[in-house]
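# Everything below, folded, please.
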Amino acid sequence: MQAASTALLDVLRRADHPLQRLAPEDSARVEQVAGACADLFQRSSSCVEGRNGQLSLHHHGRHRLSDRRLAALTAVHNFHIRRPDGTTAAERFFGRTHPALFEELSCVCPCRRDPDADGHARRNYPI
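Got it, this is the predicted structure:
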């Protein structure tokens, strides 16, 4: 990526390029505005990365996601997170609605008993 950037900038910095006819302060201003535009694009596109952006935040905070946690996050992303129009990724992909994720899970998964009721120590089940 650095090589591509250098090659593109080298063309702009050639003596015969029209930008080189600008006054030094105008040239510096053009370069500053171009850099600001590039920064703005990078920041504005990162918030729409969707799943990749979400996973990068998790990877950044925890460095490595277990396969179970990644599967759980995938299910939450596809079936729970809604866009402003009220649709989930799964609804858009399959073209039909689906039951609410957590309501459906609460019907299928057994309720946990009080961990101390049977005298056993509480076990931690990380996702």
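# Mean pLDDT per element in the protein, and the minimum belongs to which helix or strand?
helix 51-62 (a mean of 65; mean pLDDT, DSSP states H and E).
# and the next element down the chain from that helix?
helix 67-79 (DSSP states H and E).
# got the CA positions of that next one in PDB?
What follows is helix 67-79 as a C-alpha-only set of coordinates in PDB (Å, rounded to 0.1, in the frame of the first residue of the first chain):
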ATOM      1  CA  ASP A  67     -15.000 -20.000  18.100                       C
ATOM      2  CA  ARG A  68     -18.000 -20.200  20.400                       C
ATOM      3  CA  ARG A  69     -17.900 -16.400  21.100                       C
ATOM      4  CA  LEU A  70     -17.500 -15.700  17.300                       C
ATOM      5  CA  ALA A  71     -20.500 -17.900  16.500                       C
ATOM      6  CA  ALA A  72     -22.600 -16.200  19.200                       C
ATOM      7  CA  LEU A  73     -21.600 -12.700  17.900                       C
ATOM      8  CA  THR A  74     -22.400 -13.800  14.400                       C
ATOM      9  CA  ALA A  75     -25.900 -14.900  15.500                       C
ATOM     10  CA  VAL A  76     -26.500 -11.600  17.400                       C
ATOM     11  CA  HIS A  77     -25.300  -9.600  14.300                       C
ATOM     12  CA  ASN A  78     -27.400 -11.600  11.900                       C
ATOM     13  CA  PHE A  79     -30.600 -12.000  13.900                       C
END
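# Now do the buried residues in it.
Using 16 or more other C-beta atoms under 10 Å as the test for burial, helix 67-79 gives Leu73, His77, Asn78, Phe79. In this view, the C-beta of every residue, glycine as well, is placed from N, C-alpha and C.
# ok, those vs Cys109, which is closest?
Phe79 (14.8 Å; C-beta to C-beta).
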